[in-house]
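Trainee: Dropping a prediction and its sequence here:
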Amino acid sequence: MLSLTKGFEDRVKLSDGKTYKLRLDFQTVLTWYEMLEDDDLTEYDKVINAFSLFVGDVPVSVNEKARLVNYVAQIITERPYGNNKVLEDTKHNVNHKYFSYTKDAEAIYASFLYDYNIDLLECPGMRWEKFQALFNNLSEDSPLMRIVRIRQTDTSNMEGEQLERIMELQTYYMLDEKDTAENVEQDMTSVFGMLKANSVRKGG
């Protein structure tokens, strides 16, 4: 979560006694989201790969890697409003049930250009907290929010051409439940228990 008075959490001390710089730019975080959606990767692999993404190839135990990734997940999913729990959705943020960082990548890119004149591909080093602050405050007219609004539209009282048009759009922009940001963040909370079991078996 972005703070105007505190610096970014960009250093972490591991069990080897050394301090390492965390890579928490938005592209690194979104790469992890993509990995969490990858059904070909085991829960164990997802966390091990995440550690390599955020820290690098550091020879520490599996449990230490799990601790670090859990810490990073808390930073990534922290919300500015409500009780700041993972998946806490409020009117102040884009509802995580209705978008996917992966499937809606084009709309997100276009929305940053539309609202802020920011080309995300030209600023790969943008910190995740900055990205989220801008993302959470996209205007209602931005491409992503127009798509989210279509997905959220209640069709129960519609009929005729209006209903047909909205149904066509909802089908076109439909997301599988597993692809939503909400579901991916739920996966974040499940990988650590699986990793702990694996680490015992693997002698981590």
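Mentor: Arrived safely, thanks for sending.
Trainee: what does the domain assignment say about the chain?
Mentor: 11-83+182-199, 105-181 (automatic domain parsing).
Trainee: Could I get the average pLDDT for the shortest one?
Mentor: When pLDDT is averaged over domain 105-181, the result is 92.
Trainee: Now do the end-to-end distance for that domain.
Mentor: From its first residue to its last, domain 105-181 covers 12 Å (CA to CA, to the nearest Å).
Trainee: center of this structure - which residue?
Mentor: The centroid of the chain falls nearest to residue 33 when counting by CA atoms, centre = their mean (5.4 Å).
Trainee: which stretches of this structure form strands?
Mentor: Secondary structure of the chain by DSSP state E: the strands cover 11-13, 19-21.
Trainee: who does the last one touch, helix- and strand-wise?
Mentor: Packed against strand 19-21, as judged by 3 or more CB pairs under 8 Å, 6 or more residues apart in numbering; DSSP states H and E, are the following elements: strand 11-13. Where you see a C-beta, it was placed from the backbone N, CA and C, and this is true even at glycine.
Trainee: Walk me through which strands the strand it packs on pairs with, and which way each runs.
Mentor: strand 19-21 (antiparallel) (DSSP bridges).
Trainee: Please identify the buried residues of the strand it pairs with?
Mentor: Neighbour counts using 16 or more other CB atoms under 10 Å place residue 20 of strand 19-21 among the buried residues.
Trainee: which other residues reach that strand?
Mentor: 10-14, 55-56, 58 (CB atoms under 8 Å, 6 or more residues apart in numbering).
Trainee: if we can go back for a sec, if I look at the residue nearest to the centre of the chain, how far off is residue 11?
Mentor: 23 Å (CB to CB, to the nearest Å).
Trainee: same check, this time on residue 149
Mentor: Distance from residue 149 to residue 11, by CB to CB: 40 Å.
Trainee: Make sure residue 109 is actually in contact with residue 122.
Mentor: No. If you go by CB atoms under 8 Å, residue 109 and residue 122 don't touch, sitting 10.8 Å apart.
Trainee: Settle it for me: which of those two has more neighbours?
Mentor: Neighbours were counted for residue 109 and for residue 122 using other CB atoms under 10 Å; residue 109 has more, 16 against 7.
Trainee: Quick check: closest non-adjacent residue to that one.
Mentor: residue 120 (5.5 Å; CB to CB, 6 or more residues apart in numbering).
Trainee: any idea how far residue 145 is from that neighbour?
Mentor: Using CB to CB, residue 120 is found at 16 Å from residue 145.
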